[in-house]
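pasting a predicted model and its sequence here:
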Amino acid sequence: MNNYSRDGLSPRSLDRNVDNHLASKLSNTAELLADLAAIDSSRAFLVLGYPSMYCYCLAKLRFEDSASRYLYAARKVQRFPQILPALAGGRLHLSGLVMLAPHLSEETPQEMCEELLRAAEKKSKSEIALLLAHRFPQPDIAAFVRPIPQPAIQATLQAPAEITLPAAEATSQIPTAAPAVEHVPAHTALAGPPARVRPLSPGRFGVQFTIAVEDHELLERAKALLAHQIPSGKVEEIFVRALRVLVTQLEGRKFGTGGQPRETSRETQRPRYVPAHVRSVVRKRDGDRCTFVSEQGHRCEERRFLEFDHVLEVARGGQNTIDNVRLRCRAHNQFTAEQTYGRAFMRAKRHKSTESTTAHARSITAT
């Protein structure tokens with residue numbers, strides 16, 4: 001018998017199961033950290049045959065990718081036990097704890113810890129990053145452009161994904177702040193380290209990425225063309241200006257903003273074509289976000305792959321009016337269509353569309 005089969009369960013039942021499993025996982029995480037903290041503080045790992053707590057986590061518990069993170073968190077709960085109920089109750093997740101941990105030292109008052117836990121309650125990693133940027137602002141990143149030699153990239157690729165703790169292994173101590181070490185996938189070897197955007201202080205973000213030689217030449221050309229307007233040649237000013245131009249162009253193309261709508265007679269004759277002025281109003285009304293709302297009242301948070309969807313389908317007489325058009329992400333647009341026409345019908349339609357696109361591409365290649 002397959003105990004993992006979910007056949008016949010309603011979406012509401014599946015969602016309830018996820019809630020139950022998540023609550024159980026959170027409770028287990030808190031219990032696990034309490035056990036690890038007790039083993040660490042009593043040095044029981046020595047009795048169990050391990051030279052350090054790190055080795056215990058790594059070998060005994062098979063935490064090959066997160067041994068340091070769990071140990072780091074376990075040592076914080078020894079000083080601040082109020083973290084455990086926050087974890088068990090789902091008010092804080094383990095990744096959030098690791099982000100808060102560098103600001104919870106031995107000198108940190110218990111009251112400050114509790115205040116920080118309340119501020120981080122129910123927040124995602126990105127929201128906690130913004131919180132920390134406001135409370136513990138960092139200076140701006142200095143703008144510079146430098147070449148990245150191939151050996152440096154290879155060294156980055158070969159760097160271990162976990163925190164290297166040679167001294168910690170001997171003394172069973174780990175650094176006060178766990179450095180963020182990121183994986184660099186093999187397919188990005190020629191592109192260098194991954195791009196990063198992180199909050200530094202209120203209203204300020206640090207941006208770091210790698211560009212190719214031809215893109216660097218494009219940047220230098222932009223500097224030259226903007227020399228009268230940006231004599232300093234600051235990369236950040238050029239970057240922001242380019243983004244503003246790009247976003248304006250994309251919004252005008254996708255949402256019909258940034259000028260007077262100019263529909264051709266061919267466009268207006270297409271039954272599914274949404275006029276520019278309708279797209280502009282719908283986009284503002286829906287807040288550039290998918291409008292799908294679940295039975296429990298949760299609205300989809302997707303802001304990418306947005307499409308204009310007809311409340312009453314065009315095939316059933318729906319018009320391209322503001323009241324009959326809404327924003328939906330691609331997934332929910334497809335989901336709604338499947339609810340109306342059936343999954344098999346929509347699958348066949350997508351397959352036919354893919355074949356038509358492929359045939360068109362082949363004909364262009366052949367010519």
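On my side now, so go ahead. Numbering: from 1, shown residues only.

how close does residue 299 sit to residue 7?
Here residue 299 is placed at a distance of 29 Å from residue 7 (Cβ to Cβ, to the nearest Å). C-betas here are computed from N, CA, C, even on glycine.

show me which of the two is the more surrounded one.
Counted by other Cβ atoms under 10 Å, residue 299 and residue 7 do not tie: residue 299 has more neighbours, with 12 against 5.

who is the more buried one paired with across the strands?
residue 293 (DSSP bridges).

just the pLDDT for it.
Listed pLDDT for residue 299 reads 86.

pretty sure it is touching residue 292, no?
Yes - if you go by Cβ atoms under 8 Å, residue 299 and residue 292 touch, sitting 7.0 Å apart.

centroid residue for the protein?
With distances taken as Cα atoms, centre = their mean, residue 126 lies nearest the centre of the chain, 7.8 Å away.

so who does that residue touch?
Contact analysis of residue 126 by Cβ atoms under 8 Å, 6 or more residues apart in numbering lists nothing.

check which helix or strand it maps to.
Using DSSP states H and E, residue 126 sits within helix 125-135.

avg pLDDT for that helix?
Helix 125-135 comes out at a mean pLDDT of 91.

and it, which residues are buried?
128, 129, 130, 131, 132, 133 (16 or more other Cβ atoms under 10 Å).

in CSV, list those residues along with distance to residue 362.
Below are those laid out as CSV (distance: Cβ to Cβ, whole Å):
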residue, distance to residue 362
128, 49
129, 47
130, 48
131, 52
132, 52
133, 51
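
and the residues you listed, which is closest to residue 98?
Nearest to residue 98, judged by Cβ to Cβ, of the buried residues of helix 125-135 is residue 128 at 9.9 Å.

surely the closest one touches residue 99?
Yes - contact criterion Cβ under 8 Å: residue 128 and residue 99 qualify, at 5.2 Å.

show me the shaky parts of the stretch 151-300 of the chain.
Filtered on pLDDT under 70, the stretch 151-300 of the chain yields the residue ranges 151-194, 256-269.

again, only this time at 50
152-192 (pLDDT under 50).

need the helices for it, in chain order.
166-171, 213-225, 235-255, 265-268, 276-286 (DSSP state H, counting those that start in this stretch).

quick one: secondary structure of residue 328?
Three-state assignment for residue 328 (DSSP: H, G, I helix; E, B strand; the rest coil): strand.

now do the one 5 residues further on
Following three-state DSSP, residue 333 is assigned to helix.

tell me the contacts of it?
307, 309 are the contacts of residue 333 under Cβ under 8 Å, 6+ apart.

also residue 206?
138, 140, 141, 196, 197, 198, 199, 200.

in PyMOL, how would I select the buried members of these?
Buried residues among those (16+ other Cβ under 10 Å), as a PyMOL selection:
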select buried, resi 198+199+200
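
how about the contacts of residue 206 in JSON lines, adding distance to residue 206?
Putting these into JSON lines (distance: Cβ to Cβ, whole Å) gives the following:
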{"residue": "138", "distance to residue 206": "8"}
{"residue": "140", "distance to residue 206": "7"}
{"residue": "141", "distance to residue 206": "4"}
{"residue": "196", "distance to residue 206": "7"}
{"residue": "197", "distance to residue 206": "7"}
{"residue": "198", "distance to residue 206": "5"}
{"residue": "199", "distance to residue 206": "8"}
{"residue": "200", "distance to residue 206": "5"}
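
which of the contacts of residue 206 fall within strands?
Counting by DSSP state E, the contacts of residue 206 place 196, 197, 198, 199, 200 in strands.

which residue comes closest to the first one once chain neighbours are left out?
The shortest distance from residue 196 to any non-neighbouring residue, by Cβ to Cβ, 6 or more residues apart in numbering, is to residue 208 (4.7 Å).

isn't that neighbour right next to residue 141, touching?
Yes - between residue 208 and residue 141 there is a contact under Cβ under 8 Å: 7.0 Å.

the longest helix that the chain contains: which residues count as buried?
Criterion DSSP state H: the longest helix present in the chain is helix 11-41. Across helix 11-41, burial judged by 16+ other Cβ under 10 Å covers 26, 29, 30, 32, 33, 34, 36, 37, 39, 40.

circling back: can you put the helices of the stretch 151-300 of the chain in TSV and add distance to residue 352 and mean neighbour count?
Output for those, formatted as TSV (distance: least, Cβ to Cβ, whole Å; neighbours: other Cβ atoms under 10 Å):
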stretch	distance to residue 352	mean neighbour count
helix 166-171	60	11
helix 213-225	39	12
helix 235-255	25	13
helix 265-268	23	9
helix 276-286	26	17
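
okay then, goodbye and thanks.
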